[in-house]
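Engineer: Coordinates for the following, if possible.
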Amino acid sequence: MQTRLVSIQFVFVAILLLFTNPAHGKERYASVYLKNGDRLTGRWLASDDRTIRILFQEKEIAIRLDGVSTIRFAADLSLIPDAQAEKHFRNGKALLELGLREEAKKQFEAAIAEFPKYADAHYNLGLLLKEDGAIGEALDYFGRVAKIAPDSHDLASEFKAAGDSYLAAEAFREAADAYLLIFNRYPTHSEAARAGYAAGFILTEQLEAAPEALKILQEATRRFPESDDLAKAAYLIGVLQSMVGQPQVAVETLTRFIQEPPDSTWIGDAYEARGDAYRKLRMNNEALEDYLIAYDMTTDPRKRSTIQTKREECAWTVYTVSDTLPSNNIQAIAVNGSELWVGTPKGLARVDVGMNAWQVRPESAIEFINNSLNPNVPTNVRTLAVYTPDVDVPSPIEDAENALPPISRHVEGTEVWIGTLNQGVVRYNLSTGSYINYKTFNGLPHNQIFDIEFSDDDVWAATFSGIARYSRSNDEWTAYDQTTSEFPAGKIVTLGVTPETVWAATENRGVAIFDRVYDSWRSSNLPDMVPEIVGNSVASFDVGGNLLFFTWYSQKEKMNGYGNVDWKGLEGSGEQILLTDDVPIENIYIAVDRSDAEMASPPLWFATNNGVYVKSQSGWDLIGYPVDQIGDGVTVNCIELSDETAWIGTSNGLAKIDINAVGSR
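Structural biologist: Got it, this is the predicted structure:
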């Protein structure tokens with residue numbers, strides 16, 4: 001819509017020429033301001049050299065030109081100001097001609113206050129502000145003109161100049177807003193295409209305003225598909241779709257882009273962006289392939305470094321409550337073939353992970369274990385161990401001639417042993433779906449369980465007040481605590497089981513070793529070859545080859561590390577890993593890679609709060625946590641290896657590492 005003011009000071013021929021201009025063919029109404037102060041508004045009909053004719057209140061009337069002061073034309077009656085607003089505007093123009101700029105401003109402001117849609121008043125006020133250097137305020141008024149009556153003034157050049165100036169000054173938000181005024185208010189202008197694409201690029205690359213940028217660039221590519229900026233915009237649309245939570249759509253968009261213009265400048269960036277989208281879909285193999293292509297297509301060292309980091313992060317997948325885990329705080333992990341058992345403060349989960357799948361299996365027995373051991377709180381799972389018998393054990397009936405007691409000696413399939421915070425040990429049989437809950441009245445020293453390990457036909461449980469040993473052959477628990485000779489007092493935090501010995505590490509009172517041949521305990525400070533600072537603070541055990549590996553920490557020295565000993569604990573060595581004041585050092589857990597049984601020195605994996613360290617024959621590797629997936633301030637609780645995967649239990653979710661992707665085997 002537009003309005004136009006014509007002064008009767010011009011010759012009438014000029015008025016007639018003005019009306020024959022095709023640019024004003026949409027004008028239909030005239031508001032005639034008379035010299036006596038009256039105003040007549042109606043549909044414009046015709047004029048000659050002495051009168052004008054309008055349709056006023058359904059009647060044709062003729063008005064003599066010598067009685068007219070001003071005529072304002074408009075295509076919309078709602079845009080014609082009232083007489084008072086017009087008076088203020090005319091006064092402002094008169095004051096401006098006298099050079100009284102501030103007084104003129106006040107009159108234009110008064111006109112706007114009287115009639116807010118007064119486009120000419122907004123425009124003139126904008127011009128004055130622009131001349132004063134108040135570009136932002138001027139653009140505000142020009143923007144109102146463009147909204148009220150975009151055809152009344154050609155403001156595209158004003159918006160373009162302002163946008164270019166803002167962009168040069170790196171005032172990116174202001175530059176984008178100026179370009180958008182052209183794109184939105186002057187869609188057919190010659191600058192509209194450039195302005196729309198420029199605004200979209202600024203919103204994407206400088207302001208990271210993804211939803212707004214996506215909308216603008218999609219509209220720009222729809223309206224101006226012949227623009228030279230189309231290729232870049234098409235690639236960025238895929239980037240933005242991934243950023244706003246549409247990774248599947250992003251993959252489709254970027255795939256079309258990659259297939260259609262193979263010689264595009266942005267083809268390498270498109271592969272990288274599609275890799276990002278694949279990662280969000282947890283399609284890590286596909287992401288890795290795209291990152292490899294993107295890496296080969298660029299020679300920029302900084303960009304190559306970024307892509308390399310993404311390739312490494314591609315090895316990670318993090319599962320949380322959004323993947324139907326009971327909690328993000330993963331305290332225990334046990335692997336059984338293609339099944340994963342996960343323990344959290346809010347219960348247990350059984351997950352199918354075969355063929356890179358992820359499916360949490362709902363089971364009534366697991367739900368019962370999670371919610372019924374203590375009706376007031378969920379079962380807090382601290383440790384897990386899966387027992388799969390190598391051979392069938394005779395049932396009590398089949399073995400009746402040996403007069404065995406009628407107990408559950410027969411193991412029908414796999415069992416999961418669950419150590420809880422204060423509910424003792426739960427023995428869950430997968431074949432029958434049944435479970436047994438063992439507590440102190442069954443012979444446990446305490447109901448708080450920290451570790452469970454197996455040795456042949458025995459089950460060992462580390463508790464707050466000692467160790468419990470369960471014998472399958474007689475279905476009995478035996479407790480070892482401070483009353484046992486040579487057994488250290490205190491909380492047992494972790495266990496290590498070898499073919500000859502069982503190792504028990506207390507929280508801060510050293511290590512005890514159980515000789516399985518002589519059925520006796522002895523205390524140990526570990527061999528002299530292990531650093532003295534190891535002392536009493538062992539965090540985890542694992543067995544590899546003919547050695548028992550363990551991790552240690554020293555709060556006093558602010559360091560941690562690992563060691564190894566022979567099964568009897570006579571010889572060993574140790575090495576420092578971390579020395580720091582910033583990262584908690586007590587969270588350090590080991591897993592020995594036993595995938596190659598013939599390897600003399602198997603790779604060792606260490607989960608710490610600082611990252612995952614891998615020691616192999618080629619040296620040390622540090623695999624940093626993917627902050628974009630797992631966040632900052634990670635606390636690790638456990639680590640397990642299986643096939644091609646390392647599973648890390650953290651406070652921020654269950655982290656999975658594709659071992660082949662990081663090349664650490």
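Engineer: quick check: mean pLDDT across stretch 658-665?
Structural biologist: The pLDDT scores in stretch 658-665 average 73.
Engineer: And for Asn285, the neighbour number?
Structural biologist: 12 (other C-beta atoms under 10 Å). For every residue, glycine as well, the C-beta is placed using N, CA and C.
Engineer: Am I right that it is in a helix?
Structural biologist: Yes: Asn285: assigned to a helix according to DSSP: H, G, I helix; E, B strand; the rest coil.
Engineer: Might you report the residue contacts of it?
Structural biologist: Counting by C-beta atoms under 8 Å, 6 or more residues apart in numbering, Asn285 makes contact with Asn356.
Engineer: And it, what's its pLDDT?
Structural biologist: pLDDT at Asn285 comes out at 84.
Engineer: Can you tell me how far it is from Leu207?
Structural biologist: Plainly put, Asn285 is 34 Å away from Leu207 if you go by C-beta to C-beta, to the nearest Å.
Engineer: and the residue nearest to Ser364 when sequence neighbours are not counted, backbone torsions?
Structural biologist: Nearest residue to Ser364 in three dimensions, chain neighbours excluded: Gly433, at 7.7 Å (C-beta to C-beta, 6 or more residues apart in numbering). Note on Gly433: backbone dihedrals following degrees, to the nearest 10 are phi 80, psi 10.
Engineer: My guess is Gly433 contacts Ala365. True?
Structural biologist: Yes: counting by C-beta atoms under 8 Å, Ala365 is a contact partner of Gly433 at 4.7 Å.
Engineer: In terms of neighbours, single out the busier of the two.
Structural biologist: Using other C-beta under 10 Å as the criterion, Gly433 and Ala365 rank with Ala365 on top: 16 against 12.
Engineer: Which helix or strand contains that one?
Structural biologist: For Ala365, the host element (DSSP states H and E) is helix 364-372.
Engineer: and the gap between the residue nearest to Ser364 and Asn336?
Structural biologist: For Gly433, the distance to Asn336 - C-beta to C-beta - is 16 Å.
Engineer: follow-up on the earlier one: what does the helix holding Ala365 rub up against?
Structural biologist: 326, 346-350, 378-379, 418, 426, 428, 433-435.
Engineer: Could you rerun that using 10 Å?
Structural biologist: 326, 341, 344, 346-350, 360, 363, 377-381, 416, 418, 420, 423, 426, 428-430, 432-435, 437 (C-beta atoms under 10 Å, 6 or more residues apart in numbering).
Engineer: model confidence over that helix, on average?
Structural biologist: 90.
Engineer: buried stuff in it?
Structural biologist: For helix 364-372, burial by neighbour count (16 or more other C-beta atoms under 10 Å) applies to Ala365, Ile366, Ile369, Asn370.
Engineer: what does stretch 562-581 give?
Structural biologist: Result for stretch 562-581 [16+ other C-beta under 10 Å]: buried residues Tyr562, Gly563, Asn564, Val565, Trp567, Gly569, Gly572, Gly574, Ile577, Leu578.
Engineer: May I ask which two of these are separated the most?
Structural biologist: Of all pairs drawn from these, the widest gap by C-beta to C-beta lies between Trp567 and Leu578 and measures 27.2 Å.
Engineer: what's the average pLDDT for whichever helix or strand comes after the helix holding Ala365?
Structural biologist: Downstream of helix 364-372, the next assigned helix or strand under DSSP H and E is strand 381-387. Taken as a whole, strand 381-387 carries a mean pLDDT of 96.
Engineer: just the angle between strand 381-387 and helix 364-372, please?
Structural biologist: 150 degrees (axes from the mean of the first three to the mean of the last three C-alpha atoms, to 10 degrees).
Engineer: from the chain's centre, how far out does strand 381-387 sit?
Structural biologist: 31 Å (C-alpha atoms, centre = their mean, to the nearest Å).
Engineer: try stretch 232-244
Structural biologist: 17 Å.
Engineer: buried ones in that stretch?
Structural biologist: Neighbour-count burial for stretch 232-244 [16+ other C-beta under 10 Å]: Lys232, Ala233, Ala234, Tyr235, Leu236, Ile237, Gly238, Val239, Leu240, Gln241, Ser242, Met243.
Engineer: Using TSV, please lay out those together with pLDDT and secondary structure.
Structural biologist: Shown next, in TSV, are the buried residues of stretch 232-244 (pLDDT from 0 to 100; DSSP: H, G, I helix; E, B strand; the rest coil):
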residue	pLDDT	secondary structure
Lys232	94	helix
Ala233	95	helix
Ala234	94	helix
Tyr235	94	helix
Leu236	96	helix
Ile237	97	helix
Gly238	96	helix
Val239	96	helix
Leu240	97	helix
Gln241	97	helix
Ser242	96	helix
Met243	95	helix
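Engineer: ok, of the residues you listed, which one's closest to Arg64?
Structural biologist: Closest to Arg64, out of all of the buried residues of stretch 232-244 and judged by C-beta to C-beta, is Ala233, at 58.4 Å.
Engineer: measure the spatially closest residue to Lys491 that is not a sequence neighbour to Val497 for me?
Structural biologist: Of all residues not flanking Lys491 in the chain, Glu507 sits nearest, at 4.5 Å (C-beta to C-beta, 6+ apart). Remark: distance between Glu507 and Val497 (C-beta to C-beta) = 19 Å.
Engineer: Please say which of the two ends up with more neighbours.
Structural biologist: Val497 (21 against 17).
Engineer: how near is that one to Phe257?
Structural biologist: 56 Å.
Engineer: Going by distance to Asp38, which of the buried residues of stretch 562-581 wins?
Structural biologist: Nearest to Asp38, judged by C-beta to C-beta, of the buried residues of stretch 562-581 is Leu578 at 90.3 Å.
Engineer: is it true that the closest one touches Asn610?
Structural biologist: Yes: using C-beta atoms under 10 Å, Leu578 is in contact with Asn610, at 6.1 Å.
Engineer: which neighbours do the two share?
Structural biologist: Asn560, Pro584, Ile585, Ile588.
Engineer: Least confident of those?
Structural biologist: Lowest confidence among the shared contacts of Leu578 and Asn610: Pro584, with 86.
Engineer: And for that residue, nearest residue in space, chain neighbours not counted?
Structural biologist: Asn609 (5.2 Å).
Engineer: The one you found and Glu586 touch, don't they?
Structural biologist: Yes: contact status for Asn609 versus Glu586: in contact at 8.9 Å, counting by C-beta under 10 Å.
Engineer: Spit out the residues that contact the two alike.
Structural biologist: Asn560, Thr635.
Engineer: between the two, which one's more packed in?
Structural biologist: Looking at Asn609 and Glu586 with other C-beta under 10 Å, you find the greater number of neighbours at Asn609, namely 21 against 17.
Engineer: which residues does that one contact?
Structural biologist: So Asn609 contacts 560, 578, 580, 582-588, 625, 633-636, 650-651 (C-beta under 10 Å, 6+ apart).
Engineer: now it: how far from Leu579?
Structural biologist: Counting by C-beta to C-beta, the gap from Asn609 to Leu579 is 14 Å.
Engineer: Which neighbours do these two have in common?
Structural biologist: Asn560, Ile585.
Engineer: Leaving out sequence neighbours, find the closest residue to Ala655.
Structural biologist: Looking at Ala655 with C-beta to C-beta, 6+ apart, the closest residue is Ile648, at 4.1 Å.
Engineer: for Gly624, that is, sorry about that
Structural biologist: Using C-beta to C-beta, 6+ apart, the nearest residue to Gly624 is Gly611, at 4.7 Å.
Engineer: wouldn't that neighbour be in contact with Thr580 here?
Structural biologist: No: the pair Gly611 / Thr580 is not scored as a contact, 11.8 Å apart, by C-beta under 10 Å.
Engineer: Low-confidence ranges, this protein, go.
Structural biologist: 1-27, 261-262, 390-412, 485-486, 488-489, 525-536, 663-665 (pLDDT under 70).
Engineer: circling back: check which helix or strand covers the residue nearest to Ala655.
Structural biologist: strand 645-650.
Engineer: Nothing else from me, thank you.
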